[in-house]
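**Q** Test case, fold it:
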Amino acid sequence: MKKTLALAVLLASGAYAENFTSGQTFIGLDLGYSQVKGYVQDGSSLVYEDDSDIQYGFRIGAQNAEWRTTFVFGYYDNSDTNQNVEEYLVTIDYFLTDETSTLRPYIGANVGYANYEADFVEDEGGVVYGGQLGFTVDLAPQVNMDISYRYSVTDFDELDHIGGVMLGVNYKF
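**A** Numbering: from 1, shown residues only. Prediction:
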């Protein structure tokens, strides 16, 4: 079921590939605070618990008046618990207001691949999927800021989910 959902979202992203030819492309950076629920070492045993720290990333995408398609690389690393997560996501967002609005709320879905590493846990990778909501604010004609909450679940044994508040700055060209 999860793999079917992931495939469906990836195929749907192809339907919005027109954004890259008829829309406006952008490149940007993400910075946020995320929570990861996975196995961490507690003394001599592994404990399944929440962990929070900074996440940062890079994005490239395109948008038209209604839709935005983005390819996201995100990296979470907590040296205190020796955990890290690498995410490679495709996100599809639907804008809830028209393109003339300075403040544009959106809702979207994400699917992709993630790799999880922690002490005494073998590196594990696989499908992640979830959703996000947020808004963009135009700062200048070619620059906007994106504030969102993104949540993704996994089919891993050692990692349950990753979610967090992200702040992004995009340069449109």
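
**Q** Spell out the residue ranges of the helices in the chain.
**A** Residue ranges of the helices in the chain, as given by DSSP state H, are 2-15, 19-22.

**Q** For stretch 64-79, give the mean pLDDT please.
**A** Stretch 64-79 shows an average pLDDT of 93 in the prediction.

**Q** list the buried ones in that stretch?
**A** For stretch 64-79, a neighbour-count test (16 or more other Cβ atoms under 10 Å) marks Asn64, Glu66, Trp67, Arg68, Thr69, Thr70, Val72, Gly74, Tyr76, Asn78 as buried. For the C-beta atoms, the positions are set from N, CA and C on the backbone; glycine is no exception.

**Q** quick one, what contacts the second one?
**A** Residues touching Glu66, when contacts are defined by Cβ atoms under 8 Å, 6 or more residues apart in numbering, comprise Tyr94, Phe95.

**Q** Look up how far Asp98 lies from it.
**A** Taking Cβ to Cβ, to the nearest Å as the measure, Glu66 falls 8 Å from Asp98.

**Q** for the fifth one, same thing?
**A** Between Thr69 and Asp98 the distance, using Cβ to Cβ, works out to 18 Å.

**Q** With Thr25 instead?
**A** Relative to Asp98, and taking Cβ to Cβ, Thr25 is found at 20 Å.

**Q** Neighbour count for those two, which is higher?
**A** For Thr25 against Asp98, the residue with the higher neighbour count under other Cβ atoms under 10 Å is Thr25, and the figures read 15 against 9.

**Q** who does that one bridge with?
**A** According to DSSP bridges, the partner residues bridging Thr25 are Ala62.

**Q** so who does the closest residue to Phe135 other than its chain neighbours touch?
**A** For Phe135, ignoring the flanking residues on the chain, the nearest one in space by Cβ to Cβ, 6 or more residues apart in numbering is Pro105 at 4.4 Å. Each residue near Pro105 by Cβ under 8 Å, 6+ apart is listed here: Phe95, Leu96, Thr97, Leu133, Gly134, Phe135.

**Q** so who does Lys37 touch?
**A** Under the criterion of Cβ under 8 Å, 6+ apart, the neighbours of Lys37 are Tyr48, Glu49, Asp50, Asp51, Leu159, Asp160, His161, Ile162.

**Q** Please tabulate those residues in a markdown table, including the columns pLDDT and distance to Gly126.
**A** Putting those into a markdown table (pLDDT from 0 to 100; distance: Cβ to Cβ, whole Å) gives the following:
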| residue | pLDDT | distance to Gly126 |
| --- | --- | --- |
| Tyr48 | 65 | 17 |
| Glu49 | 71 | 21 |
| Asp50 | 76 | 20 |
| Asp51 | 80 | 19 |
| Leu159 | 84 | 9 |
| Asp160 | 86 | 12 |
| His161 | 89 | 13 |
| Ile162 | 91 | 13 |
